[in-house]
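1. pasting the structure only:
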């Protein structure tokens, strides 16, 4: 390497700032990075409120980690103590009820925000090139979120905690030949018990921070391509963008506050409405509740699990329903991103969203009669949407010519 | 570097990486193995039960390895209904005689082979399913009076744990 090249390399270490800020920034270039990525970062000026849900989800995650730390100060991860320590948090710890209800309801709102965020990605084609990795990191986080939420739900050690954990960990026993050995290895015992609650507590923490790590990758990949927008067309000039701060920061803050007002309403008036009353009964390995239901955000996937009459088949269908979504960037053959300009695909995506809600409904009902039939139709549409409609509709439909961001904003004014 | 040295360098690289890989893989063994049940858990592996209080037609649930075990004192009609069917009707074909040591005593694990719930049917007031044995409320599996799966998502029969009759009225499970 010549000395000139070395000089060029070192020049990048020179900070644009002076004084203490400059001293730090030339050694740790965080300040200039934050300025480039969060203050001056150009964002399409046509974003609607659907684009606020990524930020809202992030605030939920921060809230969950903060409340989780304070709950962790009092919680005891053992089969004997777990239930009582949670009740102690609710009754004896100062403001413990508030912190626990916040933690429990924030999860639900985290999922609401994430579901809307994923719908946004599907409807406006945010998963399509060049944002495939943004989308894949997002789906990975979604899966980790579900794992973390499941582990967290077992910790209060109520009846639903215990039997939910039993049912879900038994999914592993569907693996041919080695299933039972793997299950025993994962639980550290022959059943869900003291050993399981101990390691579930550790993994609940570990996965929460793994999600934080993936948020970083999600944002790095997003900032390489820039945000998508309702038109699905890239900004053609600086005129079609605004800076992240103050435009997006204020708008997202506005949306977040509105979202958290709804959370506050649930939190203070109906704190248990999204939970199950059986979880206030201490876990009893000898008695299965008459009707085991998972948390509401798992219901669509639970419906898929039960739609297949075969144990292994159901497990495979459930896991592949999410994994298959990851193939969408490559299965969708259309050149147009946004559903605003895709007359057929638009209805496919809307039906996918409705189907998701229908599956959520039947997932909470007993697995019998009409509910089974509906869950089978819903499951069939889920996979039809990904593997048949995505490639086919791209060929068959004639999309409208996508508007540029400027024209789109003008047409909205008119 | 001359070309003649290259294969030698490749060889060193390859063997170093292989040895490193084998070393890293073997290092995993103690960590994975530590996740298995400890010696204290394994030590609780057997349970003794006195059967004399059980009248014909009654059932008892005992705990073995943290799991419920169903002990059923079967009536004549329950034994008959378990025997008078052809094996072709069974999803997991197994003779009733192969599942019991004494005809009137059935001992099975009370854990649904679908996703691990405890089936109903032990109490007189419980629903016993379409085949008079047990019914799992979680996902609707029906078991017969031999603990065999007859209808529903469960893939196999309720397993028979290892047990021995110590006397006529006393068994040891495990």
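-> Yep, it's here. Values in this document were obtained by computation on a predicted structure and should not be read as measured data.

2. and the residue lying closest to residue B:145 once chain neighbours are set aside, how many neighbours?
-> Spatial nearest neighbour of residue B:145, chain neighbours left out: residue B:78 (4.1 Å); criterion: C-beta to C-beta, 6 or more residues apart in numbering or on different chains. For the C-beta atoms, the positions are set from N, CA and C on the backbone; glycine is no exception. Here the number of neighbours of residue B:78 (other C-beta atoms under 10 Å in any protein chain shown) works out to 20.

3. I figured residue B:78 was touching residue B:121, is that so?
-> No. With contact defined as C-beta atoms under 8 Å, residue B:78 does not count as touching residue B:121 (11.4 Å).

4. sorry, back to before: tell me the helix or strand right after the helix or strand where the residue nearest to residue B:145 lies.
-> Counting by DSSP states H and E, the element that carries residue B:78 is helix B:76-83. Sequence order places strand B:105-109 as the next helix or strand after helix B:76-83, per DSSP H and E.

5. domain map for chain B?
-> B:3-33, B:41-173 (automatic domain parsing).

6. let me see the mean pLDDT of the longest one.
-> Throughout domain B:41-173, pLDDT has a mean value of 88.

7. endpoints of it, how far apart?
-> 16 Å (C-alpha to C-alpha, to the nearest Å).

8. gap between it and the chain center?
-> Mean C-alpha position of domain B:41-173 versus that of the full chain (C-alpha atoms, centre = their mean, to the nearest Å) differs by 11 Å.

9. same question, the first one
-> Distance, stretch centre to chain centre, for domain B:3-33: 41 Å (C-alpha atoms, centre = their mean).

10. ok, back up a step: in a markdown table, list the domains of chain B along with distance to residue A:264.
-> Formatted as a markdown table, the domains of chain B follow (distance: least, C-beta to C-beta, whole Å):
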| stretch | distance to residue A:264 |
| --- | --- |
| domain B:3-33 | 44 |
| domain B:41-173 | 35 |
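
11. from these, which stretch is densest packed?
-> Of the domains of chain B, the one with the most neighbours on average (mean count of other C-beta atoms under 10 Å in any protein chain shown) is domain B:41-173, at a mean of 18.

12. how far does stretch A:363-378 stretch from start to finish?
-> 11 Å.

13. which residues does that stretch contact?
-> Contacts to stretch A:363-378, defined as C-beta atoms under 8 Å, 6 or more residues apart in numbering or on different chains, come from residues A:291, A:293-294, A:296, A:298-304, A:306-307, A:355, A:358-359, A:362, B:139-140.

14. got a list of what residue 167 touches?
-> This is for chain A. Per C-beta under 8 Å, 6+ apart, neighbours of residue A:167: A:292, B:115-117, B:138.

15. give me the element it is part of.
-> Going by DSSP H and E, residue A:167 is in helix A:159-169.

16. distance between that helix and the chain's centre?
-> 22 Å.

17. quick one: mean pLDDT over that helix.
-> 91.

18. any part of stretch B:28-45 near chain A?
-> Yes. Judged by C-beta under 8 Å from any C-beta of the partner chain, stretch B:28-45 comes into contact with chain A at B:32, B:35-38, B:41.

19. helices or strands up against the helix holding residue B:78?
-> For helix B:76-83, there is no helix or strand it packs on, judged by 3 or more C-beta pairs under 8 Å, 6 or more residues apart in numbering or on different chains; DSSP states H and E.

20. touching, residue A:31 and residue A:21? I think so.
-> Yes. With contact defined as C-beta under 8 Å, residue A:31 reaches residue A:21; the gap is 6.1 Å.

21. more neighbours: which of these two?
-> Each of residue A:31 and residue A:21 has its neighbours counted (other C-beta under 10 Å); residue A:31 has more, 16 against 13.

22. for the closest residue to that one other than its chain neighbours, what are its contacts?
-> Spatial nearest neighbour of residue A:31, excluding adjacent residues (C-beta to C-beta, 6+ apart): residue A:25 at 4.4 Å. Contact analysis of residue A:25 by C-beta under 8 Å, 6+ apart lists A:15-17, A:31-32.

23. look up phi and psi at residue A:126.
-> Dihedral pair for residue A:126: phi -70, psi -20, per degrees, to the nearest 10.

24. cool, the one 5 residues further on as well?
-> Dihedral angles phi and psi of residue A:131 (degrees, to the nearest 10) take the values phi -100, psi 20.

25. which of the contacts of stretch A:363-378 fall in helices?
-> With DSSP state H as the criterion, helices contain A:299-304, A:306-307, A:355, A:358-359, A:362 from among those.

26. which of those are close to chain B?
-> Answer for these near chain B (C-beta under 8 Å from any C-beta): residue A:306.

27. identify the farthest-apart pair in the ones in helices among the contacts of stretch A:363-378.
-> Spanning the widest gap among the ones in helices among the contacts of stretch A:363-378 are A:306 and A:355, at 15.7 Å by C-beta to C-beta.

28. more neighbours, these two?
-> Using other C-beta under 10 Å as the criterion, residue A:306 and residue A:355 rank with residue A:306 on top: 27 against 19.

29. ok, now how distant is that one from residue B:35?
-> Using C-beta to C-beta, to the nearest Å, residue A:306 is found at 29 Å from residue B:35.

30. which is the next helix or strand following the longest helix along chain B?
-> In chain B, assigned by DSSP H, the helix with the most residues is helix B:6-33. Going down the chain from helix B:6-33, the next helix or strand is helix B:39-43, by DSSP H and E.
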